[in-house]
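S.K.: model the following, please.
(chains A and B)
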Amino acid sequence: MASFAGAYAASHGPLLVREWESVPAEQKSRLASAFRSLGERITESRADVLIVVSPDHWSNFFLDNYPAVCIGVGATHEGPPEPWMKSYPHRELAGSPEFALHLVEEAMRAGFEPSMSHRLKLDHGACIPLWRMELPNMPALVPMLVNSIEPPMPSLARCYAWGRLLRQAIDSFPGSERIGVLATGGLSHSIGEKTMGAIHEDFDRETIRRFSASASSLLEYLEAELPRRGNGSEEVRNWLVAHGAAAGRGFELVDYLPVPAVIVGCGFASWLTSGSG
Amino acid sequence: MRDYWLSKMFFDLQQPAAAAEFRADRAKFMGKYSLGEDVKAAIERNDAPFLAGRTNAYLLRYYFFTLGMKDAEFIRKLNGG
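M.R.: A predicted model of the protein is given here:
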């Protein structure tokens, strides 16, 4: 059977690329170090496949049809379509259709009904962390696009349950692959709203603290606070998926720093995998 | 509330070719979408608060980025400045 290769989370944001040079040196160093640390952890995990949990920033979907959750089952995914991501080194990224289809089937059996796509574009949400982590070998990627952009969005509890489902699908996959989960996005930020640029450090730190408390405590806090912490903060849903995949245990903060130059409360974390195969 | 055609135009303007076409002849480009006169006027005067009430916040930001507007100026406009 396949085995779980850990869960990881990293912020993303266009300004991590477009305004990188304007980030103060000390913050730039910490950001680079945090991304690299995650990359090293993923490399050490020997992950063959990474489920990349990310929003779709209007790259694949529009108002005609905006899925709550979409799984990329293609053999190949397209690289980022944003013109300012043209330096990203991968124009195509390998998928894992066998595992992805197994995941969709497991989801259907469990009463989850994701959309699926045989050809997705992986925008900056997925690709900035993958880029900055400097992975020497890119694992096969299974994109899981979770709507945290256009309301209404999947509930926080459902996102956590999705994580549990990912783990079930990994544990039941009849292969020898090691499969990890990379969540991207968050923590607090605000995009295209009057509060754009605001970072809620108190919210971020309390959210981080509660990732080490019970899942119910975390969900309760987020249910109460998310509506007033900026629309970008909704991406914490992806962290909940990772948390669920790790069975709500083993959260370890790699680093957190609010970075006004990129208008994001930047968080980096992994979930320890000892005893998880 | 979502103005479908306004949102569609902003969505399409993520494509560099469409953005170039828009910059070359804004009126002609907008003619491809069923935009209300009030919406067209808001676009002409870069009325971010008006547009914000009719589209997704991310699409709005992408639009003003496509125009070449710096974030600081965009935030100022969002707040009615």
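
S.K.: burial count for the one residue in chain B that gets nearest to chain A?
M.R.: Closest residue of chain B to chain A, C-beta to the nearest C-beta: residue B:57 (3.2 Å). In this view, the C-beta of every residue, glycine as well, is placed from N, C-alpha and C. For residue B:57, the neighbour count with other C-beta atoms under 10 Å in any protein chain shown is 20.

S.K.: the one helix or strand residue A:7 maps to pairs with which strands, parallel or anti?
M.R.: Following DSSP states H and E, one finds residue A:7 within strand A:3-10. According to DSSP bridges, strand A:3-10 forms sheet pairs with strand A:178-184 (parallel), strand A:264-271 (antiparallel).

S.K.: convert the C-alpha atoms of it to CSV, please.
M.R.: The C-alpha coordinates for strand A:3-10 follow below in CSV (Å, rounded to 0.1, in the frame of the first residue of the first chain):
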residue,chain,number,x,y,z
SER,A,3,2.3,5.6,2.6
PHE,A,4,1.8,9.0,3.9
ALA,A,5,4.8,11.3,3.4
GLY,A,6,3.7,14.1,5.6
ALA,A,7,1.8,17.4,5.3
TYR,A,8,3.2,20.8,4.7
ALA,A,9,1.9,24.3,4.3
ALA,A,10,3.3,27.5,2.9
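
S.K.: which one is the residue nearest to the spatial centre of chain B nearest to, not counting chain neighbours?
M.R.: Taking C-alpha atoms, centre = their mean, the centroid of chain B lies closest to residue B:63, which sits 4.9 Å from it. Distances taken as C-beta to C-beta, 6 or more residues apart in numbering or on different chains put residue B:10 closest to residue B:63, at 4.5 Å, once the chain neighbours are dropped.

S.K.: can you check residue A:201 too?
M.R.: In this structure, residue A:201 finds its nearest non-sequential neighbour in residue A:258, 4.9 Å apart by C-beta to C-beta, 6+ apart.

S.K.: before we move on, what SS does the one you found have?
M.R.: Secondary structure, DSSP: H, G, I helix; E, B strand; the rest coil: residue A:258 is strand.

S.K.: that one touches residue A:202, doesn't it?
M.R.: No. Look at residue A:258 against residue A:202 with C-beta atoms under 8 Å: they stay out of range, at 10.3 Å.

S.K.: between those two, which is the more surrounded one?
M.R.: Between residue A:258 and residue A:202, counted using other C-beta under 10 Å, the more crowded position is residue A:258 (19 against 12).

S.K.: and that one, what does it touch?
M.R.: A:199, A:201, A:204, A:264, A:265, A:266 (C-beta atoms under 8 Å, 6 or more residues apart in numbering or on different chains).

S.K.: tell me the spacing between it and residue A:242.
M.R.: The gap separating residue A:258 from residue A:242 is 21 Å, by C-beta to C-beta, to the nearest Å.

S.K.: who wins on neighbours among the contacts of residue A:258?
M.R.: residue A:264 (31 neighbours).

S.K.: per-residue pLDDT of it, please?
M.R.: On pLDDT, residue A:264 comes in at 98.

S.K.: how far away is it from residue A:19?
M.R.: 11 Å.

S.K.: ok, residue B:80 next?
M.R.: Going from residue B:80 to residue A:19 by C-beta to C-beta gives 25 Å.

S.K.: looking at the two, which is more packed in?
M.R.: Using other C-beta under 10 Å as the criterion, residue B:80 and residue A:19 rank with residue A:19 on top: 15 against 9.

S.K.: in whichever strand or helix holds residue A:93, what's buried?
M.R.: Using DSSP H and E, the element containing residue A:93 is strand A:92-94. Within strand A:92-94, the residues scored as buried using 16 or more other C-beta atoms under 10 Å in any protein chain shown are residue A:93.

S.K.: what is the helix or strand that that strand is followed by packed up against?
M.R.: Note on strand A:92-94: by DSSP H and E, the next helix or strand toward the C-terminus is helix A:97-109. Helices and strands touching helix A:97-109, by 3 or more C-beta pairs under 8 Å, 6 or more residues apart in numbering or on different chains; DSSP states H and E, are strand A:69-72, strand A:140-146, helix A:156-171.

S.K.: I appreciate the help and will end here.
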